[in-house]
Each structure stands twice: as C-alpha cells, then as structure tokens.
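*Asks:* Mind looking at a prediction? Sequence and model below.
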Amino acid sequence: MLSTKDVAIIYETLLTSPGMNDSVKIDLRMPRKNVLLLTKLIELGLELKDDTSQNGLLSAFTNDILGEVKNITGDLLSKAGLTETYNKLNSLHSK
C-alpha cells in the first residue's frame with residue numbers, strides 16, 4: 001500500500017504530464033435523471049476537498065480547477081433545463 005504522500009506525488013505527476021491541459025470535446029447524451037445524479041455526485045465529491053481527512057486526487061487540484069468543475073455542473077443543469085428543479089431539491093435538504 002502506498003503512503004498518502006506517494007499517492008499525492010503520483011497524482012501530481014499525472015496532472016502535469018503533457019497533454020493534460022488540452023481541451024477535449026465530450027458529447028454526453030443522458031436522461032435528465034442521470035444529469036441530476038451526476039451533478040449531485042460532483043457536488044458531494046467537491047465537498048470532500050474541504051475534509052482534511054480525505055487525501056488523494058482532489059488534494060492535487062487547485063481551487064481554480066475545482067471551480068471550473070463546479071461550473072460544469074451548472075452547465076449540465078442549464079442544458080438539461082433542471083437548474084430550478086435542482087435548486088428546489090437542494091432547498092428541501094436544508095429544511
């Protein structure tokens with residue numbers, strides 16, 4: 001088993017390898033229910049970044065990159081016409 005430091009070094013090496021900053025076009029076609037699920041999973045994953053006990057891939061990313069990922073979730077919801085629905089669903093959790 002690798003230590004946390006070793007894993008972080010591997011992730012950082014992977015992220016700095018040639019081509020990792022190249023843009024790619026991804027055409028996703030999925031049902032709206034999957035868009036809601038994917039958005040929630042991304043949101044929950046980004047919350048792990050704040051948890052210092054969780055070390056791994058997320059710790060290798062800067063806040064700028066994680067912000068870009070957060071913006072992708074907004075784009076997904078917008079294109080699926082689910083932004084308002086998602087916000088209302090999230091408001092149910094806070095009550």
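*Replies:* That came in fine, so what should we check first? It should be emphasised that the depicted structure is a prediction, and the values quoted were computed from it without experimental measurement. Numbers count the residues shown, from 1 in each chain.

*Asks:* what's the closest non-adjacent residue to the residue nearest the centre of the chain?
*Replies:* When the chain is reduced to its mean C-alpha position, the nearest residue by C-alpha atoms, centre = their mean turns out to be residue 42, at 4.1 Å. For residue 42, ignoring the flanking residues on the chain, the nearest one in space by C-beta to C-beta, 6 or more residues apart in numbering is residue 73 at 5.1 Å. Heads up, the C-betas are built off the backbone N, CA and C, glycines and all.

*Asks:* What's the local residue count around the one you found?
*Replies:* Close neighbours of residue 73, defined as other C-beta atoms under 10 Å, add up to 18.

*Asks:* what does residue 80 give?
*Replies:* Residue 80, neighbours per other C-beta under 10 Å, totals 20.

*Asks:* mind listing what the nearest residue to it once chain neighbours are set aside touches?
*Replies:* Spatial nearest neighbour of residue 80, excluding adjacent residues (C-beta to C-beta, 6+ apart): residue 35 at 4.3 Å. Residue 35 makes contacts with 76, 77, 80, 82, as judged by C-beta atoms under 8 Å, 6 or more residues apart in numbering.

*Asks:* In which helix or strand does residue 35 reside?
*Replies:* helix 32-48 (DSSP states H and E).

*Asks:* So the residue nearest to residue 42: helix, strand or coil?
*Replies:* Following DSSP: H, G, I helix; E, B strand; the rest coil, we place residue 73 in the helix state.

*Asks:* got a pLDDT number for it?
*Replies:* With respect to pLDDT, residue 73 scores 94.

*Asks:* That one touches residue 45, doesn't it?
*Replies:* No: the pair residue 73 / residue 45 is not scored as a contact, 10.3 Å apart, by C-beta atoms under 8 Å.

*Asks:* That concludes my questions; thank you for your assistance.
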